[in-house]
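Peer 1: Pasting the sequence and the predicted model now:
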Amino acid sequence: MSDRYSLLILPGDGIGPEVMAEVVKVIDWFAANRGMEFDVSHDLVGGAAYDAHGAPLSDATMARAQAVDAVLLGAVGGPKYDALDFSVKPERGLLRLRKEMDLFANLRPAQCFDALADFSSLKREVVAGLDILIVRELTSGIYFGEPRGIHSDDNNPDNEGGRVGINTQRYTSGEIRRVARSAFELARKRGNRVCSMEKANVMESGILWREEVTWVHQQEYPDVELSHMYADNGAMQLVRNPRQFDVIVTDNLFGDILSDAAAMLTGSLGMLPSASLGAPMANGRPKALYEPVHGSAPDIAGQGMANPIACILSFAMALRYSFGELAAADALEAAVERVLADGVRTADLMTPEGGRPVGTAEMGDRIVAALEA
Ligand SMILES: NC(=O)c1ccc[n+]([C@@H]2O[C@H](COP(=O)([O-])OP(=O)(O)OC[C@H]3O[C@@H](n4cnc5c(N)ncnc54)[C@H](O)[C@@H]3O)[C@@H](O)[C@H]2O)c1
Ligand SMILES: CC(C)[C@H](C(=O)O)[C@@H](O)C(=O)O
Ligand SMILES: [Mg+2]
């Protein structure tokens, strides 16, 4: 008999609720057919939470997120909220979840399904069989460093406009060591190779990053192959020859950018899942939040055409990393692969000469049907 798994679902804004509805179908299928017991609750985040409470994440929702085994998040943001004060923008809700849950290791795998190898904007021979994992530090760096803000620059008469915008890249050795350990642990279960990316040529925080990753490697993981790369070269190498990589470990901002680039190797941003993991809780499960890498896609929201696969594969990561349900995670990933192999495509995966795309709900139904088969 399996344990009970508590889940907090935060669909968010734009296509978030649309893709999350398909994940709920998948959860219901595992509950009905695989004897898994889920305690599922729903709440608001992002613009939806702002509309209801005047804040992109209420304290009550934050407390609920801290108490569950896993949070599933859709996406936040949208043009409706662009003019809001920075402190209450939808994205602040997501950043608060990451920071207060201390989800320091963000796993962003990029796998190219064979059925999509011709669809990537790169050549098939460059992306076929691609299977890399970006481990992005998620709770520190320039996203959170102090000082920050927009200030008047009164003492500088040469500054036309008279203002200055400040963000601070700050990393402690402990923050670097813990995410490096996550990357080395994950590498041992895959290709046993880690490439660390920073800009040690121009940033002191990059020098510290390189030294600390090297220290963790020498002290604790000498069996794993470690290499270092400047992040700008890393971006170029990702496009030139992405299969040279196994695990990439990098900071918060570089990881944000490199993972969007990696998404396109797989065909679409609508394909890329992620897991954000923190320290183990009392029950041994890590603090965890699962979300697609993509955003709220305002350009297609409300049209029922978003690709739900990134969100569904994020739930597969929850099965694997939070619940240890490895067979179920494999089955769900195989179901996605089968549906793609059958030629079922949402609009983002269509070539101009392709046939009729399916909508969000039909893609979800087809994946559930493939689980059934
Ligand atoms: N984790 C998150 O919640 C998250 C991540 C990124 C961006 N955002 C927010 O989302 C809003 C829009 O940002 P953006 O436009 O830069 O990025 P986006 O990821 O929302 O969209 C970029 C492009 O990819 C397409 N796309 C994204 N997901 C798709 C899917 N599942 N199926 C089909 N097509 C998809 C969109 O239609 C758009 O053309 C902003 O407010 C931004 O801050 C949120
Ligand atoms: C929405 C935004 C805060 C977020 C980030 O910058 O981390 C997004 O781009 C992501 O990749 O998860
Ligand atoms: Mg991003």
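Peer 2: Thanks, I have it. Ligands and ions are numbered 1, 2, ... in the order given.
Peer 1: The most far-flung residue of the chain relative to its centre: what secondary structure?
Peer 2: Largest separation from the mean C-alpha position in the chain: P157, at 43.3 Å (Cα atoms, centre = their mean). Secondary structure, DSSP: H, G, I helix; E, B strand; the rest coil: P157 is coil.
Peer 1: need the contact list for the residue in the stretch 201-350 of the chain that ligand 1 sits nearest to.
Peer 2: As assessed by Cβ to the nearest ligand atom, ligand 1 sits closest to G295 within the stretch 201-350 of the chain, at 2.4 Å. C-beta coordinates here come from the backbone N, C-alpha and C atoms, glycine included. Counting by Cβ atoms under 8 Å, 6 or more residues apart in numbering, G295 makes contact with 14, 75-77.
Peer 1: Name the nearest residue to the spatially most central residue of the chain, sequence neighbours excluded.
Peer 2: Nearest to the mean C-alpha position of the chain, counting by Cα atoms, centre = their mean, stands S274 at 3.2 Å. Take S274 and drop its neighbours on the chain: the residue closest to it by Cβ to Cβ, 6 or more residues apart in numbering is R108, 4.7 Å away.
Peer 1: How about the contacts made by the one you found?
Peer 2: R108 touches 133-136, 255, 259, 262, 272-274, 293, counting by Cβ under 8 Å, 6+ apart.
Peer 1: Check those for burial and list the buried ones.
Peer 2: Among the contacts of R108, those buried by neighbour count (16 or more other Cβ atoms under 10 Å) are 133-136, 255, 259, 262, 272-274, 293.
Peer 1: So which residues on this structure come close to ligand 2?
Peer 2: Residues of the chain lying close to ligand 2 (Cβ under 6 Å from any ligand atom) are 91, 94-95, 256, 293, 295.
Peer 1: and the least confident of those?
Peer 2: Note: of the residues of the chain next to ligand 2, the lowest pLDDT belongs to V293, at 93.
Peer 1: from memory it sits against L258, does it?
Peer 2: No - in this structure, V293 is not within contact of L258 by Cβ atoms under 8 Å, at 11.1 Å.
Peer 1: element containing the closest residue to ligand 2 within the stretch 201-350 of the chain?
Peer 2: As assessed by Cβ to the nearest ligand atom, ligand 2 sits closest to D256 within the stretch 201-350 of the chain, at 4.6 Å. According to DSSP states H and E, D256 maps onto helix 252-265.
Peer 1: How about residues contacting that helix?
Peer 2: Contacts to helix 252-265, defined as Cβ under 8 Å, 6+ apart, come from residues 106, 108, 110, 112, 120-122, 126-127, 130, 132, 134-144, 169, 197-199, 231, 234-235, 238-239, 242, 248, 250, 269, 271-272, 274, 293-294.
Peer 1: What of stretch 339-355?
Peer 2: 113-116, 118-119, 267-270, 300, 305-309, 357-360, 362-363, 366-367, 370.
Peer 1: Buried ones only from those, please, as a ChimeraX command.
Peer 2: Remark: buried members of these, expressed as a ChimeraX selection using 16+ other Cβ under 10 Å:
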select :113,115,116,119,267,268,269,270,300,305,306,307,308,309,357,358,359,360,363,366,367,370
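Peer 1: when you check ligand 1, which of the contacts of stretch 339-355 turn up near it?
Peer 2: 269-270, 300, 306-307.
Peer 1: Domain map for the chain?
Peer 2: 1-104+272-373, 131-265 (automatic domain parsing).
Peer 1: any idea which of the ones you listed is most buried?
Peer 2: domain 1-104+272-373 (a mean of 19; mean count of other Cβ atoms under 10 Å).
Peer 1: returning to what we had before: and the residue nearest to the centre of the chain, backbone torsions?
Peer 2: Backbone geometry at S274, expressed as degrees, to the nearest 10, gives phi -150, psi 160.
Peer 1: Surely it touches L107?
Peer 2: Yes - at 6.3 Å, S274 counts as touching L107 under the criterion of Cβ under 8 Å.
Peer 1: Tell me which stretches of this protein form strands.
Peer 2: With DSSP state E, the ranges of strands along the chain come out as 4-12, 37-42, 70-75, 105-111, 131-137, 145-152, 163-168, 193-198, 225-230, 247-250, 273-280, 286-292.
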